[in-house]
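Q: Show me how the following folds:
(one chain, ligands or ions: 2)
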Amino acid sequence: MASADEPRRTPLPFPRRRLDRRAVDVVRRLQDAGHETYLVGGCVRDLLVGMRPKDFDLATAARPEQVRRLFRRSRIIGRRFRLVHVYVGRNVYEVATFRRDPPGGRGGEPDEVRMIRRDNVFGTAREDALRRDFTVNALFLDPIREEILDWCGGLEDLRRGRLVSIGDPRRRFREDPVRILRLIKFLRRHGFEPGPAEVAAARELAPAVAQAAPPRVVEEVFRLMESGDMAGAWEDLEHLGLVPILLPDLAAWLDRGGDRRRRLLGRLGLLDDWIEEGGRPGYALRLCFLYGCLVEEELDPAARTLPVREFAQVPAVLFNRLQERARLPRHELTRAARILLAQLRLDPPAWLPRRRRRGTAEHLIEQDWFPDALEYLRCRLEADGRDPAPYDEWHERALSLEEGER
Ligand code: ATP
Ligand code: MG
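A: Ligands and ions are numbered 1, 2, ... in the order given. Purely as a prediction, here's the structure:
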């Protein structure tokens with residue numbers, strides 16, 4: 001791997017006002033206290049490609065306790081590696097001490113590389129850059145000197161739209177197979193081109209994803225759903241044989257054939273459209289788009305395979321199974337179950353007995369998740385090529401209720 005000891009420094013290629021003012025204040029406070037500190041990772045990449053970063057992460061030479069002492073509103077979190085959350089106003093900034101890969105984690109032949117499970121050895125800024133996954137994710141930004149620091153050619157790769165791993169991709173994917181999912185995410189989200197070695201390594205090592213910690217893997221699936229091209233990402237996952245590893249229950253459902261795959265891809269395509277229009281679906285909605293087709297089928301007593309008496313239990317049973325391998329926020333699972341069950345009231349299926357279709361509309365409309373349920377209804381009708389009338393009616397109802405309250 002070509003990596004100089006000294007980074008290449010480039011003046012900030014965009015106006016400083018695009019940086020989050022409070023994140024810059026946190027960097028300044030740490031630098032003023034004598035600690036080398038930068039903005040790092042995804043936020044630098046996103047700023048450079050002209051996207052609005054989701055969050056601003058910092059890396060610093062200061063130890064967690066030192067960071068903690070500098071900021072009254074901060075706390076140390078994490079066990080595997082300790083980070084500091086610094087709270088400014090309503091924002092939270094993640095401040096991590098520079099780390100390097102643990103001894104023995106790298107070096108030697110790729111086949112001897114063991115998976116990195118612990119990741120807790122402090123290091124220098126350079127080491128911290130080089131332990132990262134892809135060159136475009138290893139750029140450091142100094143908002144005070146207004147420059148980008150680049151140890152491994154990430155800036156050039158970014159300009160050319162290339163996704164290149166830092167070091168031999170076979171070794172890096174073996175160390176941490178979750179990087180294969182991250183590869184798909186960045187290809188789909190930014191439209192980068194992968195290097196040929198990255199593609200070959202992803203094919204070869206995809207089965208190793210089964211050895212990664214399931215909560216991390218499931219989390220990456222949910223991040224993939226924010227990429228804006230989940231329909232494309234799904235096909236990548238299929239090509240790599242990853243669907244049964246990531247989502248065994250969905251894979252089993254898809255194996256039952258029919259038009260199930262087409263329906264699922266239709267839903268994922270609408271999720272993509274929605275993100276394209278600026279939507280930011282939370283976990284609950286992402287769960288609905290992923291599991292909606294399966295849940296709808298299981299709700300119908302004639303098609304059901306789950307051993308439940310009451311249709312109302314269906315989403316919870318399915319989400320509990322998922323949660324055995326995941327660590328999704330509990331309230332989001334509950335919210336997703338409510339949104340999916342509300343569809344029965346918003347757009348009753350033929351199998352639902354008349355007496356079960358009642359319940360006051362006001363009560364439903366007042367729920368904080370109702371706007372999501374309505375939005376999901378709209379997408380579902382569109383994906384299934386149906387008349388949008390049920391959506392229009394409920395939309396009207398919600399509006400007139402709001403009017404009445406004013
Ligand atoms: P997203 O925009 O989806 O948050 P991200 O690149 O910011 O993507 P994070 O999971 O937020 O990803 O991680 C922040 C940074 O940490 C990454 O940009 C990368 O430098 C580093 N990183 C994250 N996961 C890994 C990994 N599995 N291996 C090596 N470095 C990683
Ligand atoms: Mg990030």
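Q: and residue 84, that's in a strand?
A: Yes. Membership of residue 84 in a strand is supported by DSSP: H, G, I helix; E, B strand; the rest coil.
Q: In this structure, where is pLDDT below threshold?
A: In the predicted model, the chain carries pLDDT under 70 at residues 1-4, 103-120.
Q: let's see it at 50
A: By pLDDT under 50, the low-scoring segments of the chain are 1, 106-112, 117.
Q: Residue numbers of it in contact with ligand 1?
A: Counting by CB under 6 Å from any ligand atom, the chain comes close to ligand 1 at 41-42, 54, 57, 132-133, 137-138, 176, 178-179, 223. Yep, even glycine has a C-beta here, placed from its N, CA and C like the rest.
Q: which among the residues you listed end up buried?
A: When the residues of the chain next to ligand 1 are checked for burial by 16 or more other CB atoms under 10 Å, the buried set is 41-42, 57, 132-133, 137-138, 176, 178-179.
Q: Could I get those in CSV, plus columns for secondary structure?
A: As requested, those are exported to CSV (three-state DSSP):
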residue, secondary structure
41, coil
42, helix
57, strand
132, coil
133, coil
137, helix
138, coil
176, coil
178, helix
179, helix
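Q: Relative to residue 186, how far out is whatever residue of the stretch 1-150 of the chain ends up closest to ligand 1?
A: Relative to ligand 1, the nearest point of the stretch 1-150 of the chain is residue 42 (2.0 Å; CB to the nearest ligand atom). Remark: distance between residue 42 and residue 186 (CB to CB, to the nearest Å) = 10 Å.
Q: Over to residue 357?
A: Applying CB to CB, the value for residue 357 to residue 186 is 46 Å.
Q: Any idea how many residues pack against the closest residue to residue 194 other than its chain neighbours?
A: Closest residue in space to residue 194, ignoring its immediate chain neighbours: residue 163 at 4.9 Å, by CB to CB, 6 or more residues apart in numbering. Residues near residue 163, counting by other CB atoms under 10 Å, number 23.
Q: try the one 4 residues further on
A: One way to gauge burial is a neighbour count; for residue 167, by other CB under 10 Å, it gives 19.
Q: That one: what secondary structure?
A: For residue 167, the assignment made with three-state DSSP gives coil.
Q: Angles on the backbone of it, please.
A: Note on residue 167: backbone dihedrals following degrees, to the nearest 10 are phi 90, psi -180.
Q: Walk me through the domains of the protein.
A: When the chain is parsed with automatic domain parsing, its domains come out as 1-167, 281-404.
Q: and the ones you listed as a markdown table, adding distance to residue 219?
A: Below are those laid out as a markdown table (distance: least, CB to CB, whole Å):
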| stretch | distance to residue 219 |
| --- | --- |
| domain 1-167 | 14 |
| domain 281-404 | 7 |
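Q: Show me the one of these that comes nearest residue 258.
A: Closest approach to residue 258 among the domains of the chain (CB to CB): domain 281-404, 9.9 Å.
Q: so how far is the first residue of that closest one from its last?
A: 29 Å (CA to CA, to the nearest Å).
Q: from the middle of its chain, how far away would it be?
A: How far domain 281-404 lies from its chain's middle: 23 Å, per CA atoms, centre = their mean, to the nearest Å.
Q: Next: stretch 177-185.
A: With CA atoms, centre = their mean, you get 11 Å for stretch 177-185.
Q: same check, this time on stretch 137-147
A: Worked out by CA atoms, centre = their mean, stretch 137-147 lies 24 Å from the chain centre.
Q: Alpha carbons of it, as PDB, please.
A: Backbone C-alpha positions of stretch 137-147 (Å, rounded to 0.1, in the frame of the first residue of the first chain) are rendered in PDB as follows:
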ATOM      1  CA  ASN A 137     -13.400   7.400   4.000                       C
ATOM      2  CA  ALA A 138      -9.900   8.100   5.400                       C
ATOM      3  CA  LEU A 139      -9.800  11.900   4.700                       C
ATOM      4  CA  PHE A 140      -9.300  14.200   7.700                       C
ATOM      5  CA  LEU A 141     -10.500  17.800   7.600                       C
ATOM      6  CA  ASP A 142      -8.900  20.500   9.700                       C
ATOM      7  CA  PRO A 143     -11.600  23.200   9.900                       C
ATOM      8  CA  ILE A 144      -9.300  25.700  11.600                       C
ATOM      9  CA  ARG A 145      -6.400  25.600   9.100                       C
ATOM     10  CA  GLU A 146      -9.000  24.900   6.400                       C
ATOM     11  CA  GLU A 147      -7.300  22.000   4.800                       C
END
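Q: In that stretch, which of the residues would be classed as buried?
A: So, applying 16+ other CB under 10 Å, buried residues of stretch 137-147: 137-143, 147.
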